[in-house]
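Asks: need coordinates for the below:
(one chain, ligands or ions: 2)
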Amino acid sequence: MTLLHVEHLDARHGLLQAVRGVTFEIAAAETLALVGANGAGKTTLLRTIAGAHKPAAGRILFDGADITATPAYARLRTGIALVPEGRRLFAGMTVKENLLVAGVHGRPGPWNIDTVIEAFPLIAQRLNSRAANLSGGEQQATAIGRALMTNPKLLLLDEVSLGLAPVAVEAVYRSLDLLIKGGATIVLVEQDIGRALRVATRVACMLEGRIILEGAAEDMTREQVTQAYFGLRRQATS
Ligand SMILES: Nc1ncnc2c1ncn2[C@@H]1O[C@H](COP(=O)(O)OP(=O)(O)O)[C@@H](O)[C@H]1O
Ligand SMILES: [Mg+2]
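Replies: Numbering: from 1, shown residues only. Ligands and ions are numbered 1, 2, ... in the order given. Just a heads-up that it's a prediction; the model follows:
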């Protein structure tokens, strides 16, 4: 079943068109990795899906309903949660407070403080620490946990491994693998093409605002994705 359907989406920053005619679908329990160079439009696309950025044209359908004009807080309640680039935790609040605040705005469901800690053991000992005092990996785990507290149907993850030490990246991805195996529906921006191909069921590559390559991860080679990433070969999208 299609959970998210993005149709001919355009998004701008003033005169700059950051997202150009983007169309794709994602079914429940799929993981779509979104790759592309800096400035390709990945963050703008995720923010537009989450309702944090207003599209200039196109439609977004979620769970069968047109949510193009729905404000961000209402999208959260219908089940779309964004883990933003740079994590954006409430720095002065504890891990536990960051998690609890999010829970208030979401839907009822299986995620609560206990299940988040189980999925992200990294933060079990840090619940009463201020977010500002956490390591990068602990902050990222908290940011993903905070999104899960809203019990989303769709989780949008923007560059979760950016700026993390390799061991922290591994820890965060171990938790994400469990979410993926548990049937979560995820759109994941990841710079590491090898990792994107390993964790995702589908991969989409953006170049200058457009999706120029999209398909099943198992049908794609690293070389194909790398070429698309650098714009060396343009391929039609399906
Ligand atoms: N707040 C903003 N104001 C103006 N231009 C922006 C803003 N955010 C992003 N852009 C521009 O939009 C384009 C896409 O950026 P972004 O969506 O952040 O791409 P990515 O996440 O793939 O690096 C880039 O050219 C970037 O400079
Ligand atoms: Mg970005």
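Asks: now the strands: where do they sit in this structure?
Replies: Residue ranges of the strands in the chain, as given by DSSP state E, are 2-13, 16-27, 31-35, 57-62, 65-66, 80-83, 154-158, 186-189, 202-207, 210-216.
Asks: show me what the longest helix seen in the chain is packed against.
Replies: Looking across the chain with DSSP state H, the single longest helix is helix 166-181. On a contact count with 3 or more CB pairs under 8 Å, 6 or more residues apart in numbering; DSSP states H and E, helix 166-181 meets helix 113-119, helix 136-148, strand 186-189, helix 193-199. C-beta: built from backbone N, CA, C; applies to glycine.
Asks: could I get the average pLDDT for it?
Replies: Helix 166-181 shows a mean pLDDT of 88.
Asks: and that helix with strand 31-35, angle?
Replies: Relative orientation of helix 166-181 versus strand 31-35 (axes from the mean of the first three to the mean of the last three CA atoms, to 10 degrees): 140 degrees.
Asks: starting at the chain centroid, how far to stretch 190-202?
Replies: How far stretch 190-202 lies from its chain's middle: 13 Å, per CA atoms, centre = their mean, to the nearest Å.
Asks: report the buried residues of it.
Replies: By neighbour count on 16 or more other CB atoms under 10 Å, the buried set for stretch 190-202 is E190, I193, R195, A196, L197, V199, A200, T201, R202.
Asks: what's the average pLDDT for that stretch?
Replies: In this model, stretch 190-202 has a mean pLDDT of 92.
Asks: of all the residues in this protein, which one is nearest ligand 2?
Replies: In the chain, the residue that lies nearest ligand 2 is T43 (3.2 Å; CB to the ion).
Asks: my guess is that residue meets G86, correct?
Replies: No. Taking CB atoms under 8 Å as the definition, T43 is not a contact partner of G86, at 9.7 Å.
Asks: looking at the two, which is more packed in?
Replies: T43 (22 against 13; other CB atoms under 10 Å).
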